[in-house]
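build me a model:
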Amino acid sequence: MIEKAHKKGLLTTPYAFNENEARDMAKVGANIIVAHMGLTTSGSVGAKTAVSLDESVEVVVVDVSCGEKETKDLADLNFVPRKDVLACYFGSIEKSPRILTDERGKAVATMSKALEYFLKKAQEDQVLAGAIGLGGTGGTSLISSAFRSLPLGMPKVIVSTVASGRTESYIGTSDMILFPSIVDHICGINGVSRVVLSNAGAAFSGMVVGRLAICRQDCSNNEKFTVGLTMFGVTTPCVNAVKERLAKEGYETMVFHATGVGGRAMENLVKEGLIQGVLDITTTEVADFLVGGIMPCDSSRFDAIIEKNIPFVLTVGALDMVSFGTKDTIPSRFQHRKIHIHNAQVLLPTDKLNRSPSSKFRVCLPQKGVSAYDAPGKPCYDPEATSTLINEFQRLVQTKDDRQVKVYPCHINDPEFANALVDAFLEISPLHLKDSVGHHA
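I've put the predicted structure just below:
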């Protein structure tokens, strides 16, 4: 249309949304090319919000290929060649291998680590606003491992052929998004992949612009002391009551579902300093870990909490059960009896508590039941097992002034027990102790 108008002697002033469009318009004879940098907010058809020039984001393509052939550049796109990515890991281009090993697994692992170092440097240099990648099984594994190192809130998206399968190994405890590719994108653009990639790009750009807008309002505005809570459906009344009471005391709370991933996510945020205290109300992940359930923690459970030496209240919510899939997946030794807590099932947390002499903690134990199912008339009600669990905790945990085990004549979901948990937390919370000292003075 612009070419036809130019041939007719008409003045043409087309918009160009990127460099390539500007070049195309110049080739067909456009008189004035208008560089479109975003929406305006004035005039009768102005948008309500707009992206300013200083919020514009530069797109950079990073080569993380592992094959023999190395891409030198991508025409007019901002491009980081593979050798520069590897240099971040090996220290310099001279020290980097020109060709990665023929063993695909090792090559992927090396390139993934190099990408992680590259992203870390970009983040330290404050030039990283988000990361998006494409991958099949190998590519998703390579990219996701590096993306998981990015902090919570940093947009991270992978358009992947494995986005609808078992994804925990790729996502872990991060907020990364896997976008189903539907078709294999490596074989070229077609009617389906064009739509999928366009949608993924639009979603990602929205995340980046949105995050920049939020950060401009000061991401560090919230200075509340944040407490992590663990929950299952059978401990929800207790967690809700604890959450409400803590809010009244001036604390912010984050609730994590005790599904294995939930506990790890909470402890990752403890490591990052985003959580300053923990009320571990629902420790059923430990039972799954020890017995072989489908929602287990791993051997690092409780480590971050203890290493950070933050105020820690532990109880035994939902330790009367182990999660399996369908009935035929339950091990034969459990097929014909109730699942209940054995003595050995408390060794993991107690051992770790005892190995941390400087940490402050409270272990709070409800005598009348540890879940909604552990009550008279319910399927897991077993006073003898609950009593054994409590006795073992009392026997195994080494106590002193800041490290106490307390037993309460309550059910875990009783309001009295929820209040007892918060009281125990306040006893060791530096925020509460500071307020108490200030008030006393």
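
what's the mean pLDDT across the longest helix along the chain?
Of all the segments of type helix in the chain, defined by DSSP state H, the longest one is helix 191-216. On average, the pLDDT along helix 191-216 is 88.

which secondary structure elements does it sit against?
strand 131-135, strand 156-160, strand 177-180 (3 or more C-beta pairs under 8 Å, 6 or more residues apart in numbering; DSSP states H and E). The way it works is simple: take the backbone N, C-alpha and C, and place the C-beta from them, glycine included.

contacts made by the shortest one with the rest, please.
This means strand 177-180. 140, 144, 156-160, 162-164, 167, 170-171, 196, 199-200, 203 (C-beta atoms under 8 Å, 6 or more residues apart in numbering).

go with 10 Å
Contacts with strand 177-180, where a contact means C-beta atoms under 10 Å, 6 or more residues apart in numbering, come from 132, 134-135, 140, 144, 147, 155-165, 167, 170-171, 196-197, 199-201, 203-204, 207.

mean confidence for it?
Rounded mean pLDDT across strand 177-180 is 95.

let's number from 890 now, not from 1
From this message on, residue numbering opens at 890, which makes the last subject strand 1066-1069.

who does it pair with, and is each partner parallel or antiparallel?
Next to strand 1066-1069 in the sheet, as set by DSSP bridges, lie strand 1045-1049 (parallel).

I'd assumed residue 1125 was in contact with residue 1307.
No. Using C-beta atoms under 10 Å, residue 1307 makes no contact with residue 1125, being 11.2 Å away.

now the strands: where do they sit in the stretch 1140-1289 of the chain?
1141-1146, 1166-1171, 1201-1206, 1250-1255 (DSSP state E, counting those that start in this stretch).

hey, where'd the helices end up in the stretch 890-1039 of the chain?
For the stretch 890-1039 of the chain, the helices defined by DSSP state H, counting those that start in this stretch cover 891-896, 908-916, 971-979, 993-1013, 1026-1036.

quick one: contacts for the closest residue to residue 1097 other than its chain neighbours?
Spatial nearest neighbour of residue 1097, chain neighbours left out: residue 1019 (4.3 Å); criterion: C-beta to C-beta, 6 or more residues apart in numbering. Each residue near residue 1019 by C-beta under 10 Å, 6+ apart is listed here: 946, 1039, 1042-1046, 1093-1094, 1096-1098, 1100-1101.

now swap in residue 1294 and tell me
Residues counted as contacts of residue 1294 (C-beta under 10 Å, 6+ apart) are 1203, 1239, 1242, 1250-1254, 1279, 1282-1288.

need the phi and psi values for it.
Backbone torsions for residue 1294, taken as degrees, to the nearest 10, come to phi -110, psi 120.

need the pLDDT of it.
95.

do you know how far it is from residue 1196?
21 Å (C-beta to C-beta, to the nearest Å).

equivalent analysis for residue 1085, please.
Taking C-beta to C-beta, one finds residue 1085 at 42 Å from residue 1196.

neighbour count for these two, which is higher?
Using other C-beta atoms under 10 Å, the more surrounded residue of residue 1085 and residue 1196 is residue 1085, with 17 against 13.

run through the residues that contact the more buried one.
1048, 1068, 1069, 1070, 1071, 1072, 1074, 1079.

among these, which two are most distant?
1068 and 1079 (16.8 Å; C-beta to C-beta).

of these two, which one has the most company?
residue 1068 (19 against 12).

what pairs with the more buried one across the strands?
residue 1048.
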